[in-house]
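Curious how this folds, go ahead:
(2 chains)
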Amino acid sequence: NAGVMQNPRHLVRRRGQEARLRCSPMKGHSHVYWYRQLPEEGLKFMVYLQKENIIDESGMPKERFSAEFPKEGPSILRIQQVVRGDSAAYFCASSATGLAFFGQGTRLTVV
Amino acid sequence: DAKTTQPNSMESNEEEPVHLPCNHSTISGTDYIHWYRQLPSQGPEYVIHGLTSNVNNRMASLAIAEDRKSSTLILHRATLRDAAVYYCILGVPTDSWGKLQFGAGTQVVVTP
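Numbers count the residues shown, from 1 in each chain, chains lettered A, B, ... in the order given. Coordinates of the predicted model:
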């Protein structure tokens, strides 16, 4: 049973470009969570999704960031018009009805 | 949300036990105590969780105080692979159990 899969593991974008981060939850998991870890800082919750629904986006920046978890396929965290301050590690976690398990993250570097 | 307090860092020798304390004086009756750890350049990894009774699994043991205002994660024999940041987090078992409030955690250093 594969764990939570995130890709790409590393992503480099120029300022102003779009970044798309993908997360495939563990088999049987219908809940997905996205977290951001800025350099030298702690993990911060961003958004919680179930299939086709955003349940809690209280940690999402108001602009440029969006997330989706379609009926088919991975969850996508999308960052439009990236800026240097978006450089961070982005982690996805998934759960069924209990404990959450994390992926290895995508490290976004904005140059 | 109830908060937890952990020491910034702890050091241990390899193959020695490590006791990681966590204070959670404002814990509510329904809060579970979770421990995750994060190895360098990796995602958080679930370690253990409990409510009232002490818990053991293959990775660690969790000792919970009788008043539940504190707990201790015990690594019985530290290895170099146990060097990580350990997070003590409170959570309620709802659909959003994956919405975790990470603090700064305890950086564990294991010396050969």
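
which residues touch residue 70?
No chain in the question, so chain A it is. A:51-52 (CB atoms under 8 Å, 6 or more residues apart in numbering or on different chains). The way it works is simple: take the backbone N, C-alpha and C, and place the C-beta from them, glycine included.

meant chain B, my bad for not saying
B:21-25.

can you rerun that using 6 Å?
B:N23 (CB atoms under 6 Å, 6 or more residues apart in numbering or on different chains).

where's it relative to A:E63, distance?
As judged by CB to CB, to the nearest Å, B:S70 and A:E63 stand 41 Å apart.

now A:W34
16 Å.

which one of the two has more residues nearby?
Higher neighbour count among A:W34 and A:E63: A:W34, with 25 against 8, using other CB atoms under 10 Å in any protein chain shown.

What strand or helix carries the nearest residue to the more buried one once chain neighbours are set aside?
Closest residue in space to A:W34, ignoring its immediate chain neighbours: A:M46 at 4.4 Å, by CB to CB, 6 or more residues apart in numbering or on different chains. According to DSSP states H and E, A:M46 maps onto strand A:43-50.

Now do that strand: which elements does it pack against?
strand A:31-37 (3 or more CB pairs under 6 Å, 6 or more residues apart in numbering or on different chains; DSSP states H and E).

Okay, the most centrally placed residue in chain A and B:T72: tell me how far apart.
When CA atoms, centre = their mean is applied to chain A, the residue found nearest the centroid is A:W34 (4.1 Å). Distance of A:W34 to B:T72, given as CB to CB: 31 Å.

Pull the contacting residues for B:N54.
B:A63 are the contacts of B:N54 under CB under 6 Å, 6+ apart.

Also A:G98?
Neighbouring residues of A:G98 by CB under 6 Å, 6+ apart: B:W97.

need the residues of chain A near chain B, please.
A:31, A:33, A:42-43, A:45, A:48, A:91, A:93, A:95, A:98-100, A:102-105 (CB under 6 Å from any CB of the partner chain).

which one of those residues sits closest to B:V92?
A:G98 (11.6 Å; CB to CB).

Phi and psi next, for that closest one.
phi -140, psi -130 (degrees, to the nearest 10).

Excluding chain neighbours, what is closest to the residue in chain A positioned nearest to chain B?
Here chain A gets closest to chain B at one residue, A:A100, 3.2 Å apart by CB to the nearest CB. Leaving aside its chain neighbours, A:A100 sits nearest to B:G98 (3.2 Å; criterion: CB to CB, 6+ apart).
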